[in-house]
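In: below is the sequence, then the predicted model.
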Amino acid sequence: MFAAQGPAMINEMYQNWFLDYASYVILERAVPAIEDGLKPVQRRILHAMKEMDDGRFNKVANIIGQSMQYHPHGDASIGDAIVGLGQKDLLIETQGNWGDVRTGDSAAAARYIEARLSKFALEVAFNAKTTKWQLSYDGRKNEPVTLPMKFPLLLAQGTEGIAVGLSTKILPHNFCEIIECAIKHLKGKTFELFPDFQTGGMVDVTNYNDGARGGKIRVRAHIEELDKKSLVIKDVPYGITTSQLVDSVIKANDSGKIKIKSITDNTAKDVELTVQLAPGVSTNQTIDALYAFTDCEISISPNACIIIDEKPHFVGASDLLRHSVQHTKGLLLRELEIKLGELEDDWHYSSLEKIFIEKRIYRDIEEETTWEGVLSAIDRGLEPYKSMFRRQIVQEDIVRLTEIKIKRISKFDSFKADEHIKGVEQGIEEVKNNIAHLTDFAIRYYENLLKKFGKGRERKTEIRLFENIQATVVAIANTKLYVNYKEGFIGTGLKKDEYAFDCSDLDHIISFRRDGKMSINKVADKTFVGKDIIHLAVFQKNDERTTYNMMYMDGKTGITYAKRFNVTGITRDKDYDLTRGNPGSKVHYLTANPNGEAESVAVTLLPSSKARSKNFDYYFEEIEIKGRSSFGNQVTKYPVRSVRLKEKGRSTLSAPQIWYDDSVGRLNKDGHGMLLGRFDETDRIIVFYKDGTYEVTGFDITNRYDADNVVLIEKFHPEKVVTAIYFDAKNKQYNVKRFMIESQTLKSRYTFIKDGEGNYLEMVTLQQEPVVIVRTGKKANEIKEQVIALHETIDITGWKTVGSHLVGADLKDITLLPPPGDDASQREAPTLF
């Protein structure tokens, strides 16, 4: 009978035990409680530190020992948790070597480092009167169920944990912003919360989704150009150490995705990783490649899971803040109620004591011989005054009166007693007012936290919008492609065949065959694309400028057609027929033209053909550019012997339009941002910066610009005069100058304002007849306004001149007027004032 029930019993036991284990891991180890934002081990550490707290530092080894009275696990897990709390620099003040989250260096041994509770922790995390207690695991001591945390700790510190069947990842947020958002919530205003990391860096929160499941952020390190041959990485993304970052850069270099000579870790007080570039490598392209192929950019997916009523719940950062604020209000109300009770007890007993002594009721007990008689005598003496009290006088009050010493009675000061009672009454009124206006009281509480502890906790991570970097665009050509044109094989491993060109292992290759078929394949060791290859190139997706000019013979009719087409995007590893689809079709002629060039060709027919003229020219510019599936225009019905290039053609496409997106400091062809104009191959861009420098660049979309410091960016016209107004800090005045751009070396910055600390560019324009409105004056009622035609008053001089005095330091603002007849839709980009 036992044997028959055995498997069922075991299954049931396993199911129950597994559920118990899963519940334990979720509730007791991995996932924090919403009330205080702490995991059990963290809560027990803080409770143990509060018991030990005497204002001095304690050895972490001693704190671990104290915590083990409450936490049923080994010292290693407790020690790691203490170090984690200490490195977050919020609840614990540290002393000694506590490691470094940026470099990954571990803390010193527990016997060498010390800690104590921070003043912030003592203010927001502890109150024995509002704490709910439970027995520790061995039943010897009491420990808090949760700490009475009056702050959204979970949002400030962040947390991460893996349990059975679920995980949690809550990102840290800025201390000051959390408090400001809490105040906004209490005032009924909307708010937004975004992550902030100790490691600094930049973050794109476009898809943050309030920190809930399904969201994602992108985090980047700051990378700056040290010079044309080196870059410097100034910080690390959250969760990445400098050693991990160095390893990822080395790995990308070894795989050929980037080309560098070396990377050196000079991190000390600040992160500093210096990257030396290989000769001939662009700094802009390398920066993009570092973001694309290394840990200089990472994606983080938040997953806010917390314990509410002993069950895991998935929430957002805003929900966490709202719940914490309401929880804090509840705790503040409880503290006020407790304080009110204490004040009322104080008033009650102080009034009793005053009457007991002033009315000499203590003399009524002189004749009493029993304890009951003493209590009755005092009660009878107080009878005339009971209506004055706010609550009933109980026996406990009378017993307390009997404990007053003769010395206190003899030194009793009625005036001081009245002052004390008056102060207590004022305190009662104040507490009652705070209870009646609890929201205002909570706002003042948060404002006080911000004032006391907010200094030095400003945002460290810059919120920015990141551009999307296409890996295939920035990848270095790190491999050689070989081809067997006759047999139809391409690949990086066909080293015995003909070399085609260099490419990246991330590229896709477009190939055309003599039979009129086309396909696109990823770079591989060896790929069969079809016999008789006639053209091979790296495929650029969504390229609308590269135009293919083709002439082919239809296999069914023998008629020769010509067509022009683009290939912007197709399915990989699939053959596409560019002819009419009949067997026996054959391509006579094919060229790829990066800017839509249309050449002329010489067509020669077979001598046996019946055509009167067996040689004629054909002009591709007469054909419209259509889709790849179009059949094309008929060239001749007679058999063709050969087609050869006669004359290279000009581009039939207009120059490409270039836009500048100031949110990311990048150029693009997709219409994002401000239109700079159409650019031919020789055209350039000029950029003016706040520091009084300018640079001339090409219009490559890999160019990077310091968007926060760009004052003006335009298509460069060498004949235009530059008009600039800048502040001269030494003389405390604004100067103006007009000059021509003389130095035009690409990507070199030239300073055109007076050198000096505090000098900066106020305004710049390329208008040929600039007119400005200048407003000066220190007070509102003293503002003076004047219109100045700068082209009439300021001569054109060299770009290195100091310029002429314009106004003093009392400049209010400068407004550049649009040129006469300027239509609002065609005005130049606004300058920054």
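Out: It's in. Numbers count the residues shown, from 1 in each chain.
In: count the neighbours of residue 786 for me.
Out: Using other Cβ atoms under 10 Å, residue 786 has 10 other residues around it. (C-beta placed from N, C-alpha, C; glycine too.)
In: give me the beta-bridge partners of it?
Out: residue 774 (DSSP bridges).
In: that one and residue 793, how far apart?
Out: Residue 786 is 11 Å from residue 793, where distance means Cβ to Cβ, to the nearest Å.
In: shaky segments in the stretch 351-500 of the chain?
Out: 472 (pLDDT under 70).
In: quick one: the strands in it, in order.
Out: Taking DSSP state E, counting those that start in this stretch, the strands of the stretch 351-500 of the chain run over residues 462-463, 479-484, 489-491, 498-503.
In: save those as CSV, and put in distance to residue 273 too.
Out: Output for these, formatted as CSV (distance: least, Cβ to Cβ, whole Å):
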stretch, distance to residue 273
strand 462-463, 18
strand 479-484, 27
strand 489-491, 36
strand 498-503, 28
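In: thought residue 272 was touching residue 226, still the case?
Out: No. At 10.1 Å, residue 226 does not count as touching residue 272 under the criterion of Cβ atoms under 8 Å.
In: where do the contact lists of these two overlap?
Out: Counting by Cβ atoms under 8 Å, 6 or more residues apart in numbering, the common neighbours of residue 226 and residue 272 are residue 232.
In: which of the strands of the stretch 351-500 of the chain is buried the deepest?
Out: Highest mean neighbour count among the strands of the stretch 351-500 of the chain (mean count of other Cβ atoms under 10 Å): strand 489-491, with a mean of 21.
In: which other helices and strands contact it?
Out: If contacts are counted by 3 or more Cβ pairs under 8 Å, 6 or more residues apart in numbering; DSSP states H and E, strand 489-491 sits against strand 479-484, strand 527-528.
In: now distance to residue 76 too, for these, in a markdown table please.
Out: Compiled in a markdown table, these are given as follows (distance: least, Cβ to Cβ, whole Å):
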| stretch | distance to residue 76 |
| --- | --- |
| strand 479-484 | 47 |
| strand 527-528 | 53 |
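In: any idea which of the ones you listed gets closest to residue 759?
Out: Taking Cβ to Cβ, strand 479-484 is the member of those nearest to residue 759, at 49.6 Å.
In: who touches the closest one?
Out: Strand 479-484 has contacts (Cβ under 8 Å, 6+ apart) with 256, 489-505, 509, 523, 533, 536.
In: try 6 Å
Out: Strand 479-484 has contacts (Cβ atoms under 6 Å, 6 or more residues apart in numbering) with 490, 492, 494, 497-503, 505, 536.
In: now stretch 485-494
Out: Contact partners of stretch 485-494, identified using Cβ under 6 Å, 6+ apart, comprise 479, 482-483, 524-531, 533.
In: give me that answer again for 7 Å
Out: Applying Cβ atoms under 7 Å, 6 or more residues apart in numbering, the external contacts of stretch 485-494 come out as 479-484, 498, 509, 511, 523-533, 536.
In: ok, now stretch 236-247?
Out: The contact list for stretch 236-247 (Cβ under 7 Å, 6+ apart) reads 102-104, 197, 199, 201, 219-221, 263, 265, 267, 271, 273, 294-298, 300.
In: mark which of these are buried, thanks.
Out: Neighbour-count burial (16 or more other Cβ atoms under 10 Å) is assigned, among these, to 102-103, 197, 199, 201, 219-221, 263, 267, 271, 273, 294-298, 300.
In: of the residues you listed, which belong to helices?
Out: Of these, none are assigned to helices by DSSP state H.
In: the residue of the chain most remote from its centre and residue 443: what is the separation?
Out: The outermost residue of the chain relative to its centre, with distances by Cα atoms, centre = their mean, is residue 367 at 82.3 Å. The gap separating residue 367 from residue 443 is 59 Å, by Cβ to Cβ.
In: ok, which stretches of the stretch 551-700 of the chain are strands?
Out: 560-565, 576-577, 586-593, 597-605, 615-619, 625-626, 633-636, 640-651, 657-661, 666-668, 674-678, 685-689, 693-697.
In: Provide the strand pairings for the second one, with the direction of each partner.
Out: What that stands for is strand 576-577. strand 517-522 (antiparallel).
In: the fourth one too?
Out: The strands that strand 597-605 pairs with in its sheet are strand 615-619 (antiparallel), strand 640-651 (antiparallel) (by DSSP bridges).
In: cool, the third one as well?
Out: When sheet partners are counted by DSSP bridges, strand 586-593 sits next to strand 547-553 (antiparallel).
In: residues making contact with the partner strand?
Out: So strand 547-553 is in contact with 516, 560-567, 578-579, 585-593, 596, 598-599, 620, 625, 635, 640, 643, going by Cβ under 7 Å, 6+ apart.
In: those, buried ones only, as a PyMOL selection?
Out: Those of those that count as buried under 16+ other Cβ under 10 Å are selected in PyMOL with:
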select buried, resi 516+560+561+562+563+564+565+566+567+578+579+585+587+588+589+590+591+592+593+596+598+599+620+625+635+640+643
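In: what residues are up against the residue nearest the centre of the chain?
Out: Central residue of the chain (Cα atoms, centre = their mean): residue 203, 1.4 Å from the mean position. Contacts for residue 203 (Cβ under 7 Å, 6+ apart) come out as 195, 217, 219, 461, 463.
In: same question, residue 776
Out: Shown in contact with residue 776 (Cβ under 7 Å, 6+ apart): 784, 807, 810-812.
In: could you rerun that using 10 Å?
Out: Applying Cβ atoms under 10 Å, 6 or more residues apart in numbering to residue 776 gives the contacts 734, 782-786, 806-814.
In: again, but for residue 539
Out: Taking Cβ under 10 Å, 6+ apart, one finds 472, 507-511, 520-522, 546, 567, 569-570, 572 in contact with residue 539.
In: and for residue 179?
Out: Residues in contact with residue 179 (Cβ under 10 Å, 6+ apart) are 151-152, 156, 445-451, 453-454, 457.
In: out of these, which is most surrounded?
Out: Among the contacts of residue 179, the one with the most neighbours (other Cβ under 10 Å) is residue 151, at 28 neighbours.
In: now that one: closest residue in space, sequence neighbours ignored.
Out: Counting by Cβ to Cβ, 6 or more residues apart in numbering, the nearest residue to residue 151 once its immediate chain neighbours are dropped is residue 124, at 4.3 Å.
In: wait, the one you found sits on residue 327?
Out: No. Contact criterion Cβ atoms under 10 Å: residue 124 and residue 327 do not qualify, at 11.8 Å.
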